[in-house]
Every structure is written in structure tokens, then in C-alpha cells.
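Asker: give me a 3D structure for the following:
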Amino acid sequence: MVRLLRWLLGFVSFKFEGGFADGFVNSCFENKISVNNIRRSGNTVFAECYAGVYPRLKAPARANGGKLRVIKKRGILFPLLKVKNRLGLFSGAVGFVLILCFLSGFIWDVEIKGNERIPDSEIYALLEDNGLFCGAYRKGVDKDVIENLMMATFDDCAWAHINEFGTKAVVEINETKNKPKTYTRKGVANLKATKDGLIVKADVYDGWAVRKVGDSVTEGDLLISGVYESEKKKGNQFAYARGEYIAQVKEEFTVFVSRIQRSKSYTYTQHKKSLYFFGLKIPLYIGRLDNKNTDINIYTDYITINSNKIPIGIIDTELKHYVVSENTLSDKELTALCKSEIKNRIKTDLAHAQVLSQKSDIDLRDNGAKAKCTVLCLENIGRSVKIKVNRKK
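Answerer: Model (predicted):
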């Protein structure tokens, strides 16, 4: 404690020489001047005192015909005295300390631990929506509410806890244990057809098969029954009917393509930059953004410290201006575009099916083309439907 006090107040090692040494020491005690670690070598006195006490030693030194000489200066006081006349440097140091104190009231890093099945992106999105993000005011974060909300939002979250270490927030998550997947079906169900078609493959997993390969069925027909009679057991047996029925199905749809097609042609690109400072956006340009016939892309470049982003940076707003032009398609171009739309429609709507063949009738008109398409494909048409039964004991 004494060493810390001496470092803060500053202390001086000095020597008194060329005079009456005993008289100098006695004068210090008589005037109640605190001098420590006094050593004598001939007529020379070595001692130490606080920096504020040293100016008081000049009078006793003159009175006893000697001179004082500083040997060493120690403490934080002396570096500060060197810059006492440099107001800008002193103000900068004070401002730096104030800024550090201000920034320590914010959270500058958010780390997530313990999650395996819950994606980081979903957790960060929930935290940000509830006020916990890089640059958030620490006292404005309600940790209890966020912890309860995480457990209520994520089914795999058994518990969550938020710890703060300085300006860093660590979100610790304990996930529920995965239970082994077992196939369980409760109740009684039939397997029915969802579409009209011709059965080409039938696999029965449970229940009694009503339809077989080669049968034609319509939507709603019974494929597998969940109520059946057993040769080994008396009375009706009940099951949750399961199986896979692959049928040849006919799908029909229509496509319309306009003869007049509109397209965008980009003319020029602008970049408008703004300064982002703790949620405050300061434009570095004059005027308003022209967003008419414009595609806008926003890019943000944040300042990073130890790979952690802080909410200070530059926002670059890219404005891509364009003009809209119209093009009237010829019959050949219109037919090609219509075939392309049919291909895309089959690819998206019938992705689950195996396409065997397709037939399209394209009707060209003044305002566009209308196509009627028929697709022959193979797909699973079985769907389980629960039923209620009265079981007699």
C-alpha cells in the first residue's frame, strides 16, 4: 500500500552536500519535514521524500550552507508534469479515458456455447430481436426474459443461461437429449388413393390389401384396409394401414405467356455512403436517394476489434438505375418461351414424380400463347386416413 501511494504521489531520492550535514538533518526534524531512508557518507547526506515535500528542503539546505541534488524521480506524477503545458495532449488522454469508461457500458462480443442442433443463425436472430447484440447497452438487456424466451422458442433447448464477462456476453445452452426414432402409429387407419391412376407397384407394410397391381383406381378409393379378418385369430383385427402404391397418373395444367415482354436495362450505378455510429446513420452525401426505377443494395463495413464487429462503420448504398423496355415477341419466340415455361412448371410441380411422357397443345393468340399440357407420370398416391371403430371385447 505504501509503495502504491508513493507511486501515485511521486517521491524523490536526493543528496545534501557542501554544508553542515548534521545541521541539515536537525533542521528537517525541527521544521517537521518528513524525510525517509536517511544515510550519511562523510559530509554528504542521502535521503528520500515525497515530491510535494522536496521544495520545503531548500530553506534548511541554504541555512546550513549546502546544496540539494536530485538523484532519481519516481512515480506517475513526473510524466504528467512534462505534458502539463500541452493542453491538447492532456485533453486527448482525458477523453480517451472517458471513452473507455463509456464503451465499457456496452456489449462488444456475443458468444454461443453448447448448441449442436439449434443453428447459430436462429439464436443470434432471437437475441438481436430482444436487444442482445454487439453494441447493445448492458443495462438494457433483460437476461431473464431472453433465457425464458429461448427455452420457449426452441424445442431442443433444455435450459439457457447468459453470463457477462466484462464487455462479453456468453450464451450457454444445454440441449435436450435425442430420443431414438421409433416407428409408432396410434389408432386405426386406412390407406386411400389421392388421385386417379393405374397401379403399377404395390407394397403393403401393414393392413389388408384391397387393390393390387393392374387395378385402376379413382381418388378416394380404398387401397389398404385397417380392419380385416385374420385366419389365425378370431374376430376383426385392427391396424394402422401402411404401404406404398405407385400408380400411373395423368396430370394436366395450363400455361399462359404474354406476347409483350418487359425487361430492365441498367443505365448507370451510384454509390451513396453514410457513417454508422451506434445506431445513428449520418449521410455523407447531399440530397435524397432517387429510388424510382432503381434497384437498391446496401453493404455495411463495420470496424472489427479482435475479429468482433462493433457498431461503427460505413454504409454503402448502391443505386442501380434502369429503364423498362417492351419487346413484342414473334410467333417463333413466343412458342419457345411457352415451351420453356412448361418445362419449368413440370420441374417444380412434379419434382416428386417420375415423368414418362408429355404432350402440349399451344394456342397462339394476338396477346400471347395459351398452352394445355398433359403429363403422364408415376407417383405414390397412397395416404393414410384415420378411422373410428367400435371394438367389442
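Asker: pLDDT weak spots in the stretch 201-350 of the chain?
Answerer: For the stretch 201-350 of the chain, applying pLDDT under 70 flags the ranges 231-233, 235, 279, 305-309.
Asker: where do the helices sit along it?
Answerer: In the stretch 201-350 of the chain, the helices defined using DSSP state H, counting those that start in this stretch lie at 331-349.
Asker: cool, the stretch 1-150 of the chain as well?
Answerer: Under DSSP H, counting those that start in this stretch, the stretch 1-150 of the chain gives helices at 2-9, 21-30, 58-63, 77-82, 87-103, 120-129, 143-153.
Asker: how about JSON lines for those helices, with distance to residue 290 and mean neighbour count added?
Answerer: Just so you know, the C-beta spots here come from the backbone N, C-alpha and C atoms, and that holds for glycine as well. Formatted as JSON lines, these follow (distance: least, CB to CB, whole Å; neighbours: other CB atoms under 10 Å):
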{"stretch": "helix 2-9", "distance to residue 290": "61", "mean neighbour count": "11"}
{"stretch": "helix 21-30", "distance to residue 290": "82", "mean neighbour count": "16"}
{"stretch": "helix 58-63", "distance to residue 290": "76", "mean neighbour count": "16"}
{"stretch": "helix 77-82", "distance to residue 290": "55", "mean neighbour count": "12"}
{"stretch": "helix 87-103", "distance to residue 290": "37", "mean neighbour count": "10"}
{"stretch": "helix 120-129", "distance to residue 290": "31", "mean neighbour count": "14"}
{"stretch": "helix 143-153", "distance to residue 290": "41", "mean neighbour count": "14"}
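Asker: quick one: these as TSV, columns for mean pLDDT and distance to residue 293 too.
Answerer: As requested, those are exported to TSV (pLDDT from 0 to 100; distance: least, CB to CB, whole Å):
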stretch	mean pLDDT	distance to residue 293
helix 2-9	74	67
helix 21-30	88	89
helix 58-63	90	83
helix 77-82	69	62
helix 87-103	77	43
helix 120-129	89	33
helix 143-153	89	41
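Asker: could you export these as JSON lines, including distance to residue 302?
Answerer: Listed next are those as JSON lines, based on distance: least, CB to CB, whole Å:
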{"stretch": "helix 2-9", "distance to residue 302": "39"}
{"stretch": "helix 21-30", "distance to residue 302": "61"}
{"stretch": "helix 58-63", "distance to residue 302": "58"}
{"stretch": "helix 77-82", "distance to residue 302": "35"}
{"stretch": "helix 87-103", "distance to residue 302": "15"}
{"stretch": "helix 120-129", "distance to residue 302": "14"}
{"stretch": "helix 143-153", "distance to residue 302": "23"}
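Asker: residue 311: which of those helices is closest?
Answerer: helix 87-103 (10.9 Å; CB to CB).
Asker: in the chain, which strand is the longest?
Answerer: Longest strand in the chain by number of residues (criterion: DSSP state E): strand 308-328.
Asker: roughly how far is that one from the heart of the chain?
Answerer: Strand 308-328 sits 22 Å away from the centroid of its parent chain (CA atoms, centre = their mean, to the nearest Å).
Asker: hang on, the earlier thing: so which of the helices of the stretch 1-150 of the chain gets nearest residue 244?
Answerer: helix 120-129 (34.3 Å).
Asker: can I get that closest one in PDB, CA atoms only?
Answerer: This file holds the C-alpha atoms of helix 120-129, laid out as PDB (Å, rounded to 0.1, in the frame of the first residue of the first chain):
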ATOM      1  CA  ASP A 120     -26.400 -20.300 -34.600                       C
ATOM      2  CA  SER A 121     -28.200 -18.000 -37.000                       C
ATOM      3  CA  GLU A 122     -31.600 -18.600 -35.400                       C
ATOM      4  CA  ILE A 123     -30.100 -18.000 -31.900                       C
ATOM      5  CA  TYR A 124     -28.400 -14.700 -33.000                       C
ATOM      6  CA  ALA A 125     -31.700 -13.600 -34.700                       C
ATOM      7  CA  LEU A 126     -33.700 -14.200 -31.400                       C
ATOM      8  CA  LEU A 127     -31.000 -12.400 -29.300                       C
ATOM      9  CA  GLU A 128     -30.900  -9.400 -31.600                       C
ATOM     10  CA  ASP A 129     -34.700  -9.100 -31.700                       C
END
